[in-house]
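Trainee: the sequence and its predicted three-dimensional model are supplied below.
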Amino acid sequence: MDLTFFFALLGGLLVLAFVANRLVRFTRVPDVILLMATGVLIGPVLHWVNPDIFRGATHGFGSLALILILFEGGLDLKLREILKHFGSGFFLSIFSYVLSMASVAEVCRLALHLSWLNALLIGAVLGCISSSIVLPVLQQVNLRREVKVTLLVEASFGDAFAVLAVTTLLDVASGGSAAPKTVAWAFASSLILAVVSGILAGMLWSYLLPILSEERFWHVLTFAAVLLVYSGVHFLKGNELVSVLVFGLTLSNFQAVRKRLRFDETSGAGWFNEMPIQAQSGRSLDHHHDQMLTFHGELAFLLRTFFFVLLGTLVDYSDLRKNILRLFVFRRHFGGSRSRSTNRPPCLAYVFGPGA
């Protein structure tokens, strides 16, 4: 591909993403759909982009975009909101995942005649709606504040439940054992580690931020801190996505907590007593918070634009066309008659067995 054409394509995609994001308020259609459709158009349809070149980069783009979206969500949350709606979001996450997992497993049992273990494994993989899809859509849908906070919590835990369920079932399939206490402790320990790490990192960065914000490129340094928190918690076997959310939440609410606990009562300082922010920089903490939110929001917009376009380019129609042709032939062959024993189309008896 010509380099000039590639740059023009990138510029056009960013313009399209901006326009699609603004049209959401009128069309009520998330820009994710338009971006993926554009990827299908420039990839499998027009062959402007070779998807094999970017196949390995898609996961990286998606992970980076998800990290920034969660960090931005944490910066935009108030501690009172998250405490109020944490229970409902956590319950919704468990209930929706278990229900989806069981439904998919039951369909696999009836339609594909799989064993319960294999059916549950497929259900564990497909039972979770990826937070990289839910969170960008959630930012654009006009919902009540409490509903958004609840769904944010639910989406943050959905991937964790999926990873835990898949690894547990794989361990059982390989001949291991998965006691309920062991599984519960693994999840609880990863969650506790993520929350504690996010709070400690957020407190440390809150103390450093008044000094660092006087230097150029301090937003990039904050982005580096987000990546280090994510990688460090992942290395320690914690829930890295929750740690990023808690990191942003701590940065946004640490000043208010200090004031509530009367740590700043005597000095009138900002985040720490030795260096009042107003006297040092002449800018309020709200200004720094708004700058962080703007920078990381735009960076997340950039990354998720390329992620969803690349996701569309990876669509492979070859197997889909074969399956559609087989389904058409199957319906033409069996669709004209009814099963005498069950008075149902024979295709249902064929799929679900003679007892269907």
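Mentor: The structure has been received and is ready for your questions.
Trainee: for D76, what are its contacts?
Mentor: Each residue near D76 by C-beta atoms under 8 Å, 6 or more residues apart in numbering is listed here: 252, 293. Where C-beta positions appear, they are placed from N, C-alpha and C, glycine not excepted.
Trainee: can you tell me how far the spatially most central residue of the chain is from K181?
Mentor: Nearest to the geometric centre of the chain sits S131, at 2.4 Å (C-alpha atoms, centre = their mean). Distance of S131 to K181, given as C-beta to C-beta, to the nearest Å: 27 Å.
Trainee: helices of the stretch 51-200 of the chain, residue ranges please.
Mentor: Remark: helices assigned in the stretch 51-200 of the chain by DSSP state H, counting those that start in this stretch are 51-54, 57-75, 79-112, 116-126, 131-140, 145-173, 180-212.
Trainee: contacting residues around the shortest one?
Mentor: Read that as helix 51-54. Taking C-beta under 8 Å, 6+ apart as the rule, helix 51-54 contacts 43-44, 310, 313-314.
Trainee: now swap in the fifth one and tell me
Mentor: For helix 131-140, the external contacting residues (C-beta under 8 Å, 6+ apart) are 21, 24, 30-32, 62-63, 65-66, 69-70, 73, 148, 151-152, 155-156, 158-159, 241, 304, 307-308.
Trainee: the fourth one now?
Mentor: Identification of contacts with helix 116-126 by C-beta under 8 Å, 6+ apart yields 100-106, 108-109, 112, 114, 162, 165-166, 169-170, 172-173.
Trainee: mind redoing it with 6 Å?
Mentor: 101, 104-105, 108-109, 165-166, 169, 173 (C-beta atoms under 6 Å, 6 or more residues apart in numbering).
Trainee: which of the helices of the stretch 51-200 of the chain sits closest to L251?
Mentor: Set against L251 and scored by C-beta to C-beta, these come closest in helix 180-212, at 5.0 Å.
Trainee: so which elements touch that closest one?
Mentor: Under the contact criterion of 3 or more C-beta pairs under 6 Å, 6 or more residues apart in numbering; DSSP states H and E, helix 180-212 touches helix 218-235, helix 240-260.
Trainee: about what we covered before: TSV for the helices of the stretch 51-200 of the chain, including distance to S252?
Mentor: Listed next are those as TSV, based on distance: least, C-beta to C-beta, whole Å:
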stretch	distance to S252
helix 51-54	34
helix 57-75	5
helix 79-112	8
helix 116-126	34
helix 131-140	16
helix 145-173	13
helix 180-212	9
